[in-house]
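Trainee: 3D, please:
(2 chains)
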Amino acid sequence: MAELKKAKTPFRFYTRIHLTELTGFKASNLLQLLELLKKVSGSCIYHHTHRFLQQHQYLSPEPPNDFAYWVREVLGEDELAEKLASIDTIQFSNIHSLREKIIQTIENYLKENPLAKLSFAREGEEFHFMKSISFILPTNFIAYDLKEFVEILKKITIDSIYFHVFEARLRLEKNTNDFSNWIESSLSDEELAREISRFDPYTYTLEDLRKTLVKIIENRISSI
Amino acid sequence: MIKIEDYIPIVGQSIIDDLRLIAKKLKGKIIQNINSTSVGGGVAEILNRMVPLLKEVGVDARWDIIKGGEDFFEVTKKFHNALHGKPQEITQRDFDIFMENSLRNLEEINIYGDIVFIHDPQPIVLVKKKSNNLWIWRCHIDLSTPNERIFGFLMDFITKYDAAVFSAPAFSHRFPIRQFLISPSIDPLSDKNKELPQNIIDSVLKKYNISKDKPIITQISRFDRLKDPIGVIDAYLLVKKYIDCQLILAGGTAADDPEGLKVFEEVKEKAKQDKDIHVILLPHNDIEVNALQRASTIIIQKSLKEGFGLTVTESLWKAKPVVASNVGGIPLQIKHKYSGLLCRSIEGAAFALKQFLNSPEYAKKLGQNGREHIRNNFLITRHLRDYMLLFLSLFYKDDIIYL
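Mentor: As a prediction, this is how the structure comes out:
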């Protein structure tokens, strides 16, 4: 095995933890949901489309966002729930465009199914809008090459993996995940960077995502 | 004395490292907790655990208690019930007693915290002492359908705080101040939740004459109509037509609660229909609750109304398959068919119980999922982290904060 390339700039792992802030806004039907979706902050949209990833780390509940879950479980609109659940979040590079897609999906559905406007949540089952306050902290873990990187990846919190893969790309609008970015810019390994940025992390639980990343990088190390 | 390191085998080293990392950011800040009692009740139970743990990770947390006579606490009990939505007669004299006592506390108490953390309505008036420090009101009450008169009275004080904290989204309202969601938690090392040797579990079963040779369905709750113990028996009887099993209804009832004793008698009467129903008036004994939960095949929590539902949290932590009503904080803990089964009726509960009894592998899987969900979201270490983030959040305005 050839010697591993040392990075120009090392990768420092950050971690992200969050606190949930309540807004006091709630919806009882699809029209109210739609109105609030247009009005609430981007942090609310982010919270309700990403909360499940951190709260359900070991199982991947369907549908994977709060809007879809509520529309199905409370309003009983299964078809709309399926449409909302299958919105391909990885395709969107910012919250604004993700919000537009959710709004458009509901508006189209209501045009085709005007009776759905009459579905109401029972008292106590309304949709409550919340938002995520993210706290980003540097950890003590720093990697200079792929070997160090993969060893840290095996033991770092899944909050850290979450931050570098999901939050950095969509909420901080960095276009790609931090791992691919570093591997490409500091290690000049475009192939590995592409491989990591190509798969859809939204279809993994965070533990599965960790395993997948470790496997891809270990394969790469042994092929060098 | 429990140490923060004792949680490492349960939640992992990295979670504890994160707690220490966050605690460093609060260095030099004094967090002054204030409530109305040091013993008894859920708030005191939380503070008794939380304050030492905050200190252990390096946060200067302290705890003071307001004073009050019997008449004051009678009034605050009335407020409590009214805020929960129970019909309650409240007179002008009650408001006067509340304010007189609050003003006395206002004169006597020493406020020294950089952050003053007020728990529940009893000390709420202290916010009048607000200067250039930060004040948080922690509400542990279900405020989803409050008595408007009391709520309006308290609003004058609530709005003077910098932030309020609630246990479930439905308890929030449109306030002019920031509001946060912090769920309660269980302590995995407490007597109610720690691992128990089989011989202790067996001895508790023996004490209450419960056999181990058929499946056990259990509801642990005080005898209260809102916990629907009669509905639990009805659901059990529907199951019993097809599957031989037994039912445990165990819980306490306060001596000064005539309604609770009445419910207990009704449950005893109804239980005569089936020899396998065990109705147990439990003394306050956490080890026995723990043992009964661990001995159970399925846990049911068929409440008609619920705050957060910590008995569900405790049961899921023991990896038990749980059938529970879709009320209060229960849906935060159980995602239907992933970490338990939710129900809305007696028939629905019976159907879910049969599903679990007839599919033990499915039941086991959901129980395991439930345990992991609790590990990640509802243990005291997460609660500790949320409190520290809450304190920090008051120093920032943005939604993304680099520490």
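
Trainee: helix, strand or coil for A:I87?
Mentor: Classification of A:I87 using DSSP: H, G, I helix; E, B strand; the rest coil returns coil.

Trainee: what's the closest non-adjacent residue to B:F171?
Mentor: Closest residue in space to B:F171, ignoring its immediate chain neighbours: B:L143 at 4.4 Å, by CB to CB, 6 or more residues apart in numbering or on different chains. C-beta coordinates here come from the backbone N, C-alpha and C atoms, glycine included.

Trainee: my bad, B:H383
Mentor: B:S185 (3.8 Å).

Trainee: can you check B:R62 too?
Mentor: For B:R62, the spatially nearest residue (CB to CB, 6+ apart) is B:Q32, at 5.4 Å.

Trainee: which ones are touching the one you found?
Mentor: Residues counted as contacts of B:Q32 (CB atoms under 8 Å, 6 or more residues apart in numbering or on different chains) are B:R62, B:W63, B:D64, B:I111, B:Y112, B:G113, B:I115, B:V116, B:F117.

Trainee: follow-up on the earlier one: any idea how far the residue nearest to B:H383 lies from chain A?
Mentor: 14 Å (CB to the nearest CB, to the nearest Å).

Trainee: so what's the predicted local confidence for that residue?
Mentor: At B:S185, the pLDDT value in this model is 94.

Trainee: tally of neighbours for it?
Mentor: 22 (other CB atoms under 10 Å in any protein chain shown).

Trainee: how close does it sit to B:L379?
Mentor: Using CB to CB, to the nearest Å, B:S185 is found at 6 Å from B:L379.

Trainee: of the contacts of B:Q32, which is the nearest to B:S325?
Mentor: B:F117 (31.9 Å; CB to CB).

Trainee: correct me if wrong: that closest one contacts B:N33.
Mentor: Yes - between B:F117 and B:N33 there is a contact at 4.8 Å, judged by CB atoms under 8 Å.

Trainee: picking that back up, what about the residue nearest to B:R62, which SS state?
Mentor: Classified using three-state DSSP, B:Q32 is strand.

Trainee: output the below-cut-off pLDDT ranges for the stretch 51-200 of chain B.
Mentor: Low-confidence segments of the stretch 51-200 of chain B, defined by pLDDT under 70, are absent.

Trainee: mind listing what the closest residue to chain A within it touches?
Mentor: When distances are taken as CB to the nearest CB, the stretch 51-200 of chain B reaches nearest to chain A at B:P169, 3.6 Å away. Counting by CB under 8 Å, 6+ apart, B:P169 makes contact with A:L22, A:K26, A:H128, A:M130, B:L181.

Trainee: against B:G328, how distant is the residue most central in space within chain B?
Mentor: Geometric centre of chain B, nearest residue: B:L310, 4.6 Å, by CA atoms, centre = their mean. According to CB to CB, B:L310 and B:G328 sit 11 Å apart.

Trainee: find the residues that touch each one of these two.
Mentor: By CB under 8 Å, 6+ apart, no residue touches both B:L310 and B:G328.

Trainee: per-residue confidence for the residue nearest to B:R62?
Mentor: 98.

Trainee: and A:L59, by the same measure?
Mentor: At A:L59, pLDDT is 60.

Trainee: any part of stretch B:221-232 near chain A?
Mentor: No - against chain A, stretch B:221-232 shows no contacts by CB under 8 Å from any CB of the partner chain, the least distance being 13.5 Å.

Trainee: quick one: that stretch to chain centroid distance?
Mentor: Relative to its parent chain, stretch B:221-232 has a centroid offset of 17 Å by CA atoms, centre = their mean, to the nearest Å.

Trainee: give me the average confidence score over it.
Mentor: On average, stretch B:221-232 scores 92.

Trainee: pull it out as PDB, backbone CA atoms only.
Mentor: Taking C-alpha atoms only, stretch B:221-232 is exported to PDB below (Å, rounded to 0.1, in the frame of the first residue of the first chain):
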ATOM      1  CA  SER B 221     -51.000   4.500  36.900                       C
ATOM      2  CA  ARG B 222     -52.600   6.100  39.800                       C
ATOM      3  CA  PHE B 223     -56.300   5.300  40.100                       C
ATOM      4  CA  ASP B 224     -57.800   8.200  38.200                       C
ATOM      5  CA  ARG B 225     -60.500   8.300  35.600                       C
ATOM      6  CA  LEU B 226     -58.200  10.100  33.200                       C
ATOM      7  CA  LYS B 227     -56.000   7.000  33.100                       C
ATOM      8  CA  ASP B 228     -59.100   4.900  32.100                       C
ATOM      9  CA  PRO B 229     -58.500   1.800  34.200                       C
ATOM     10  CA  ILE B 230     -62.100   0.600  33.500                       C
ATOM     11  CA  GLY B 231     -61.400   0.900  29.800                       C
ATOM     12  CA  VAL B 232     -58.200  -1.100  30.300                       C
END
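
Trainee: show the model's pLDDT score for the closest residue to A:W70 other than its chain neighbours.
Mentor: With sequence-adjacent residues excluded and distances taken as CB to CB, 6+ apart, A:W70 is closest to A:F127, at 4.8 Å. Looking at A:F127, its pLDDT is 96.

Trainee: before we move on, what about A:L53?
Mentor: The model's pLDDT for A:L53 equals 79.

Trainee: okay, buried residues for the helix or strand harbouring it please.
Mentor: With secondary structure defined by DSSP states H and E, A:L53 is part of helix A:42-55. For helix A:42-55, the neighbour count (16 or more other CB atoms under 10 Å in any protein chain shown) marks A:S43, A:C44, A:I45, A:Y46, A:H47, A:H48, A:T49, A:H50, A:R51, A:F52, A:L53, A:Q54 as buried.

Trainee: the very next helix or strand once past it - contacts with which helices or strands?
Mentor: Moving toward the C-terminus from helix A:42-55, the next helix or strand (DSSP H and E) is helix A:66-73. The helices and strands touching helix A:66-73, judged by 3 or more CB pairs under 8 Å, 6 or more residues apart in numbering or on different chains; DSSP states H and E, are helix A:30-39, helix A:42-55, helix A:78-85, strand A:127-143.

Trainee: can you list the residues that contact helix A:66-73?
Mentor: By CB under 8 Å, 6+ apart, the surrounding residues in contact with helix A:66-73 are A:30, A:33, A:37, A:47-49, A:51-52, A:61, A:63, A:77-78, A:80-82, A:84-85, A:102, A:121, A:127, B:335-336.

Trainee: run the chain-centre distance for it.
Mentor: 17 Å.

Trainee: count of residues packed around B:L134?
Mentor: B:L134 has 18 nearby residues by other CB under 10 Å.

Trainee: for it, give me phi and psi.
Mentor: Backbone torsions of B:L134, given as degrees, to the nearest 10, read phi -110, psi 140.

Trainee: tell me the bridge partners for it.
Mentor: Counting by DSSP bridges, B:L134 is bridged to B:I115.

Trainee: how about the contacts made by it?
Mentor: B:D114, B:I115, B:V116, B:D162, B:L394, B:F395 are the contacts of B:L134 under CB under 8 Å, 6+ apart.
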